[in-house]
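Enquirer: The following block contains a protein sequence and its predicted model.
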Amino acid sequence: MNLTLKVWRQKNRNTEGKIVDYQVKDISPEMSFLEMLDVLNEDLLRQGDEPVAFDHDCREGICGSCNLFINGRAHGPESGTTTCQLHMRKFSDGDTIVIEPWRANAFPVNKDLSVDRSAFDRIIQAGGYVSVNTGGTPDGNEIPIPKEIADRAFEAATCIGCGACVASCKNASAMLFVSAKVSQLALLPQGHVERKTRVENMVAQMDKEGFGACTNIGSCAAECPVGISLENIAILNREFLAAKATSNNLV
């Protein structure tokens with residue numbers, strides 16, 4: 001396939017960016033989207049131009065690094081798929097593909113298509129963990145957990161932190177991400193000890209990072225590559241209200 005790419009180029013977060021047109025030729029339908037970008041960068045290097053910067057790591061849909069806005073959709077046209085799992089057979093010869101980074105104040109552009117998602121890391125540091133004593137490994141079945149609860153916690157835990165929910169939301173809200181992390185631990189007995197401080201601290205950090213408010217549009221769940229449910233936002237709201245009702249923190 002021969003394709004026209006309209007790629008966002010930006011030197012750093014302090015400079016203005018722009019869309020630049022590129023042509024790529026003889027792209028195999030079996031290539032992944034990131035492999036197609038590799039071909040583009042090889043062409044640019046041969047021409048003496050600077051390659052396009054983009055985030056990637058595992059290329060297996062696990063790490064959540066490959067955060068691209070493709071033709072107006074987070075991760076591209078195929079639902080339930082990360083950018084690295086998107087294959088070029090989803091496009092046709094002669095297509096024009098617009099490739100942009102995530103758009104959110106809390107995700108500043110590092111360079112070109114690479115964005116700084118460390119805001120998510122700071123939210124996790126604020127409370128997305130359980131405190132345990134070190135020592136011998138406890139038995140996996142020491143605390144009985146009903147299968148329904150375990151399954152719901154596992155589904156929330158599948159969030160890969162890619163940021164598609166933020167990029168797809170008109171408010172750039174991180175509620176789906178934060179709710180998945182809060183729900184994952186609030187549903188399990190291991191997370192009950194710190195559940196009140198956890199949700200308060202994580203929501204406070206989310207607001208501090210500059211993410212927008214949730215208005216229940218649902219675009220976050222629609223574009224989530226792993227299918228995180230809006231039910232988690234309801235769990236987060238219940239956890240937050242319960243924590244505030246008995247909290248000493250009046251902020």
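Expert: Structure received.

Enquirer: Where do the helices of the stretch 51-200 of the chain begin and end?
Expert: 118-127, 147-157, 164-168, 175-186, 195-208 (DSSP state H, counting those that start in this stretch).

Enquirer: Give me the residues contacting the third one.
Expert: With CB atoms under 8 Å, 6 or more residues apart in numbering as the contact definition, helix 164-168 has outside contacts at 67, 69, 73-75, 102-104, 106-107, 172-177, 211, 219-225, 228. Just so you know, the C-beta spots here come from the backbone N, C-alpha and C atoms, and that holds for glycine as well.

Enquirer: Equivalent analysis for the last one, please.
Expert: With CB under 8 Å, 6+ apart as the contact definition, helix 195-208 has outside contacts at 122-128, 174-175, 178, 181-182, 185-186, 191, 236, 239-240, 242-244, 246-247, 249, 251.

Enquirer: and the next element down the chain from that helix?
Expert: helix 219-223 (DSSP states H and E).

Enquirer: Would you mark the buried spots in that next one?
Expert: For helix 219-223, the neighbour count (16 or more other CB atoms under 10 Å) marks Ser219, Cys220, Ala221, Glu223 as buried.

Enquirer: pLDDT averaged over that helix, what's the number?
Expert: Per-residue pLDDT over helix 219-223 has a mean of 96.

Enquirer: Give the other helices and strands that it contacts.
Expert: Helices and strands in packing contact with helix 219-223 are listed as helix 164-168, helix 175-186; criterion 3 or more CB pairs under 8 Å, 6 or more residues apart in numbering; DSSP states H and E.

Enquirer: Next, format these as TSV and append mean neighbour count, mean pLDDT and distance to Pro29.
Expert: Supplementary listing: these in TSV, determined by neighbours: other CB atoms under 10 Å; pLDDT from 0 to 100; distance: least, CB to CB, whole Å:
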stretch	mean neighbour count	mean pLDDT	distance to Pro29
helix 164-168	27	97	24
helix 175-186	26	96	32
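
Enquirer: Make TSV from those and add distance to Ile62 to it.
Expert: Putting the helices and strands packed on helix 219-223 into TSV (distance: least, CB to CB, whole Å) gives the following:
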stretch	distance to Ile62
helix 164-168	14
helix 175-186	15
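
Enquirer: Out of those, which is closest to Asn2?
Expert: The stretch from the helices and strands packed on helix 219-223 with the least distance to Asn2 (CB to CB) is helix 164-168; that distance is 28.4 Å.

Enquirer: Tabulate the CA atom coordinates of that closest one in CSV.
Expert: The C-alpha trace of helix 164-168 is given here as CSV (Å, rounded to 0.1, in the frame of the first residue of the first chain):
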residue,chain,number,x,y,z
ALA,A,164,-6.8,6.7,25.9
CYS,A,165,-9.6,7.5,28.3
VAL,A,166,-8.2,11.0,28.9
ALA,A,167,-7.5,11.6,25.3
SER,A,168,-11.0,10.6,24.3
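
Enquirer: What ranges does this protein have for its strands?
Expert: With DSSP state E applied, the chain shows strands at 3-9, 18-24, 69-70, 73-74, 96-100, 109-111, 114-115, listed in chain order.

Enquirer: Roughly how far does Leu113 sit from Leu40?
Expert: Shown here: Leu113 relative to Leu40, a distance of 11 Å by CB to CB, to the nearest Å.

Enquirer: Cheers, nothing more for now.
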